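1. here you go, sequence then predicted model.
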Amino acid sequence: QWRVVRSPNETTHRSLPQATLGPASELYFGLVNSRWFVRLLSAVSGVDDLITDPALYGGGLHETRQGGYFNVHRDFDRHPASGLDNEMVFITYLNEGWEPQWGGALELWDAQAKRCVAEVALVFGRSVLLRHGPASFHGHPQPLATPEGRTRRSVASYYYAYPLARRAREHRNTSVFLFAERHARLKRVAKRATPPLVWDALRRLVGG
């Protein structure tokens, strides 16, 4: 269930969205999309109300084979189905015994995409939390010089946010019970139609 991507900018293999994953992968993605882990990411990043993507669009399993590369780029801005804003990606590398001369280190470039300012070596189990934004340029642009059969492997999960969440929280966000709503509506109408002195007297009389 690989999607093979070959273009002037990348040569990679990626698992398809909604792909059937093995038990280890299911365990990993269940963990990094769990409530407590997402709360941890919010605490670290300062981004509230992060939303996960069970379909793993853009994420899942990634593999670059001999001669493959991924030019310097920024990730997508929005999820193609939900329209949610892409906030960050969490990547874990799965390259045991990786030799630096093979290449493939994650390069982090400056805001103008003119030069690499840092490299993340492919240490087995190393994870990177990469915020998405107008200056988040990254990639591994040099073709891999790996021995036959050795591949650059990683797993990735994206996290999203609803851009209007703050405004939405200001509106009703709880259930509306039919009879309670009717009672409240009648109370508002009665209050507008009743002189204040009479209304205060009625409230004292009925205890509310």
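-> Received it, and whenever you're ready, just let me know what you need. Residues are numbered from 1 along each chain as shown.

2. do you know how far the closest residue to His132 other than its chain neighbours is from Pro23?
-> Using Cβ to Cβ, 6 or more residues apart in numbering and skipping the chain neighbours, the partner closest in space to His132 is Asn86 (4.8 Å). Every residue, glycine included, has its C-beta placed from N, CA and C. Distance, Asn86 to Pro23, by Cβ to Cβ, to the nearest Å: 28 Å.

3. who's more crowded, those two?
-> Set side by side, Asn86 and Pro23 show more neighbours around Asn86, with 22 against 7, by other Cβ atoms under 10 Å.

4. counting neighbours, what do you get for Pro17?
-> For Pro17, the number of neighbouring residues by other Cβ under 10 Å comes to 17.

5. looking at this, it is in a helix?
-> No: the assignment for Pro17, made by DSSP: H, G, I helix; E, B strand; the rest coil, is coil rather than a helix.

6. what's near enough to touch it?
-> Ala55, Leu56, Tyr57, Gly60 (Cβ atoms under 8 Å, 6 or more residues apart in numbering).

7. just the pLDDT for the residue nearest to the last one when sequence neighbours are not counted.
-> Put plainly, it is Gly60. Closest residue in space to Gly60, ignoring its immediate chain neighbours: Ser15 at 3.8 Å, by Cβ to Cβ, 6+ apart. Per-residue pLDDT puts Ser15 at 92.

8. repeat for Tyr69
-> Looking at Tyr69, its pLDDT is 94.

9. the one 5 residues further on now?
-> Arg74 carries a pLDDT value of 93.

10. go on, the one 5 residues further on?
-> As summarised for this prediction, His79 has a pLDDT of 92.

11. repeat for Leu202
-> 59.

12. which of the contacts of Pro17 count as buried?
-> Among those, the ones that count as buried by 16 or more other Cβ atoms under 10 Å are Leu56, Tyr57, Gly60.

13. where exactly do the strands run in this structure?
-> 2-7, 10-15, 60-64, 70-73, 85-93, 106-109, 116-120, 127-131, 138-140, 152-161 (DSSP state E).

14. centre of the chain to the last one, how far?
-> Put plainly, it is strand 152-161. Taking Cα atoms, centre = their mean, to the nearest Å, one finds the center of strand 152-161 at 8 Å from the center of the full chain.

15. ok and that strand relative to strand 10-15, angle-wise?
-> Note on geometry: by axes from the mean of the first three to the mean of the last three Cα atoms, to 10 degrees, strand 152-161 and strand 10-15 are set 70 degrees apart in direction.

16. only C-alpha atoms, please: export strand 152-161 in PDB.
-> Extracted C-alpha coordinates of strand 152-161, given in PDB (Å, rounded to 0.1, in the frame of the first residue of the first chain):
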ATOM      1  CA  ARG A 152      15.600   6.000   5.000                       C
ATOM      2  CA  ARG A 153      12.500   5.300   7.100                       C
ATOM      3  CA  SER A 154      10.400   7.500   9.300                       C
ATOM      4  CA  VAL A 155       6.800   7.700  10.600                       C
ATOM      5  CA  ALA A 156       4.900  11.000  10.800                       C
ATOM      6  CA  SER A 157       1.700  12.400  12.200                       C
ATOM      7  CA  TYR A 158       0.200  15.800  11.500                       C
ATOM      8  CA  TYR A 159      -1.800  18.000  13.900                       C
ATOM      9  CA  TYR A 160      -4.300  20.600  13.000                       C
ATOM     10  CA  ALA A 161      -6.300  23.500  14.400                       C
END
